[in-house]
Each structure stands twice: as C-alpha cells, then as structure tokens.
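Peer 1: coords below, sequence missing:
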C-alpha cells in the first residue's frame, strides 16, 4: 500500500550529491580502462592473463551491482540515505586500492593471486556502485517531491553526471596509467574519498517525521516491484538500454576499426588503423549527446512524461535511418540532419524515464530506494542484452545490422510505452504529470 509522506523539510546539498556521482562514474570508468592497461603489463611480465579472464573479472563488478542494488536501495529506505552515500565511495575506494595488490606481492604474480585480488577488488567496486545508484536516485526523488520542474532538472543533471563521468573516465584512465602506472589506482581512490567527503560536508537530508517507517516483509517488497505502472515501463527501459549496450560498447569499435568490410557499406573498417580518428568521432558524439541532455533539462518536468518518452524513443528510429543512409553513401545534407535530430531526441529518454520512476516511487515513499534499485537492474540487463544481440546482428550485417537491431528494439520500447499510456489513463488524476 502507498505510504504517507515522511518528510517535513527540503533536502539540502543535492548539488554535492550530483558532483559526487560525477566523481564516482569518472573513477569507475577510469579504473576499468586502467585495469585493462594493468593486464597488458601483467601479460608482458609472463602472467597467463588474456581478454577472457579480464572480461570475467570485470563482470564480477557488473554482477555485484545487479544483485545488490535492490537490497541496498531497500536498506536506504529504512536507515537513511546519507550514511549509504558516504559509505559507497569509501567501499569502492578500498576495492580500487586492492587492484594492483598482486604486483605488490610479487614481481611476477601467480594467476591465482591475480584472480583472487582483482576479483575481490571488482566485487567491492560493484558493491559501491550498487549502493550509490539507487540511494542517489531515491534521495533526488525525495528532494523533488511536489515540484515537477525541479525533478526534471535534477534527473537531467544526474544523467549528465553519469554519462559525462563515464566519458571523462574513458579518456582519463589510459592517460593516468601511462603517466602514473600503478599509482593510478591510488589517485582514483582519492577521487572516491573526495566524493564521500562532499556528501558528508554538504548533504543535509530533509527532517524525518518521528514515526519510523514500517519494516516491509519480502512479500510486500515484491508487490511494490510488480505494480502495474512499473511493470508496464520496464520493457521500454530494458529495450532502450539494450540500444545503448549495442552502440556504447566495444562492438562499435570492432565494426568501425576492424578488418571486415561489406559491399555497399562505407562505415565497416573505415577507421582501420586510425584509432585517433575514431576517438575524435566518438568524443564529438559524447559531447553532442551531453549538450542535448542539458537542453532537455529545460523541458523535463514541464511536459507530460509519457508523451515525452514516446517522442524520445522515436528519436532512435530517426537516427538509425540517418545512419543507414550515410552508411549507404547518401549525401551528408540528407543523412546528417536525421542523425542530429534523432540523437537530440534520444538524449531525453533517461531523464524522462528517471522522472517517471520518481513519480511512481512517490506513491511508495518508504520503499523508494527499493524501486530505484530497479534502475541498476534494468540498466545492467539492457546492456547485457544489447551486447549479445549486437554481436549477432553485427555478425550478420555489420553496421547495417546494428542499425536494424536499434529499429527493432525501439519498436519494442514504443509498444511498451503505449501500454504505459493505457495504465496511466486508468489511474486517478494526481498533481504529477501523467
């Protein structure tokens, strides 16, 4: 059942929480890239490490986040969000400091030592992310109750801090490792500690009521997660994250810079031997996408959420058509505007989705962190699905295959959003945008 409001004052320090999120995402992404460079060094020293082992150990962090996020979110509902937001970066800092431990124990560490130490490191890093994401989202939802425009701004800034942090980390990781070597992990641990100190110094949660939240049973928590509004929304969010998992991973690098060419397609292998050129193209894309998120911050909260979600998903269709035309040699003045308009529309999906999730959680405020924990699970499931399907479609039609997969996933998302509209129409009217 919906819980009553438990706050009486406005949360202060949400800006510090968003900056801390930027530091967390930057350090995490940089750590992942630095881990790859560290494994290159281990291989040169004779350690039997390779891409498969690196992928498995990296997946430990990913798996930990999937499993622990709902648990951490639910715990933050009962014990307060501030303590978890302070603890999460410190846990990740401890993990990243462990990463080079095998090399500190031995000049040529055994494979068992590498697996144990790096595996533990990635587990702690994933646990920190699992605590931070749902707790941050729960806090931002708490802070924007009753103010749709503020909710639109903070969710857009959250998404900007996440995507911007990942972009910064992807650039910083290899550069830091080249300059600092193993000390890179200490520098990244310092970034985590700064994030924790920011939250500790500036975050002042809203004053809670004197009535403590009731402890929900497992059955009650499951009922919260299977409510119709959330279930209708999940397929769309998984599909959109699968689109991101198709394009914002190593698959696009493999297609554009690989050796395989295709008759009639210009993009496959176009950047073979030109990693710098590919980095510039991807960097321009990330910059444009981030600017689009900033622009959407002025619209999210002012417009009804479900129509915005429908329009933003439609952007994936527009961008895919533009990319396929460009790949087939269409003039840039025809293809490029379609791509730019499509990317602009796509950039609004996650801020709008987080706003909708915050609106859903407003009816279950004592279980808000639990609902926000679904965010990490959905993102992880979508990225996993996108990686697998992206490999299948790239094997089939290379770049055109990725675009066709995106069109199919967008169609699934649009059907899900149509179902959402039916569910929302059947609800009693509220003060929040439908």
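Peer 2: That came in fine, so what should we check first? Since this is a predicted model, take the numbers as computed values, not measurements.
Peer 1: from here on, contacts and neighbour counts on C-alpha atoms
Peer 2: Fine.
Peer 1: can you give me the strands for the stretch 201-350 of the chain?
Peer 2: Here the stretch 201-350 of the chain has no strands by DSSP state E, counting those that start in this stretch.
Peer 1: what bits of it have low per-residue confidence?
Peer 2: 206-221, 248-251, 253, 275-276, 279 (pLDDT under 70).
Peer 1: Please repeat the previous calculation with a cut-off of 90.
Peer 2: Counting by pLDDT under 90, the ranges of the stretch 201-350 of the chain that qualify are 202-234, 237, 241-242, 244-263, 269, 271-291, 293-295, 297-304, 350.
Peer 1: Show the residue spans covered by the helices in the stretch 201-350 of the chain.
Peer 2: With DSSP state H, counting those that start in this stretch as the criterion, the stretch 201-350 of the chain has helices at 218-225, 228-247, 250-257, 275-296, 305-327, 332-347, 349-361.
Peer 1: Could you identify which of those is most buried?
Peer 2: helix 349-361 (a mean of 24; mean count of other Cα atoms under 10 Å).
Peer 1: What lies in contact with that helix?
Peer 2: 138, 141, 151-152, 155-156, 158-159, 229-230, 237, 293, 296-297, 300-301, 305-306, 308-309, 312-313, 367-368, 371-372, 432 (Cα atoms under 8 Å, 6 or more residues apart in numbering).
Peer 1: same deal with stretch 398-410?
Peer 2: 239-240, 242-243, 246-247, 255-256, 262, 265, 267-268, 313-314, 316-317, 320-321, 323-324, 327, 389-390, 393-395.
Peer 1: What are the buried residues along it?
Peer 2: For stretch 398-410, the neighbour count (16 or more other Cα atoms under 10 Å) marks 398-407, 409-410 as buried.
Peer 1: Not counting residues beside it along the chain, what's closest to residue 186?
Peer 2: Leaving out its chain neighbours, the residue that sits closest to residue 186 by Cα to Cα, 6 or more residues apart in numbering is residue 97, at 5.9 Å.
Peer 1: sorry, back to before: as TSV, the buried residues of stretch 398-410 with secondary structure would be great.
Peer 2: Converted to TSV, the buried residues of stretch 398-410 look like this (DSSP: H, G, I helix; E, B strand; the rest coil):
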residue	secondary structure
398	helix
399	helix
400	helix
401	helix
402	helix
403	helix
404	helix
405	helix
406	helix
407	helix
409	helix
410	helix
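Peer 1: of those, closest to residue 64?
Peer 2: Of all these, residue 64 sits closest to residue 409, with 26.2 Å by Cα to Cα.
Peer 1: Of the helices of the stretch 201-350 of the chain, which is nearest residue 126?
Peer 2: Residue 126 sits nearest to helix 228-247 of all the helices of the stretch 201-350 of the chain, at 18.2 Å, using Cα to Cα.
Peer 1: what about the helices in the stretch 1-150 of the chain?
Peer 2: Under DSSP H, counting those that start in this stretch, the stretch 1-150 of the chain gives helices at 14-44, 51-79, 81-98, 101-105, 111-143, 148-180.
Peer 1: and the fourth one, which residues are buried?
Peer 2: Spelled out, it's helix 101-105. 101-103.
Peer 1: For that helix, which outside residues touch it?
Peer 2: 109, 113-114, 117-118.
Peer 1: what's the answer for the third one, then?
Peer 2: If you take Cα under 8 Å, 6+ apart as the criterion, helix 81-98 is touched by 24, 31, 76, 117-118, 120-129, 131-132, 135-136, 138-139, 185-186, 188-190, 192-193, 195-197, 199-200, 203, 205.
Peer 1: avg pLDDT for that helix?
Peer 2: Mean pLDDT, helix 81-98: 92.
Peer 1: just use 531 as the starting number from now, easier for me
Peer 2: With 531 as the first residue, the last one maps to helix 611-628.
Peer 1: ok, residue 840 touching residue 946?
Peer 2: No. Residue 840 lies out of contact with residue 946 (Cα atoms under 8 Å); the separation is 9.5 Å.
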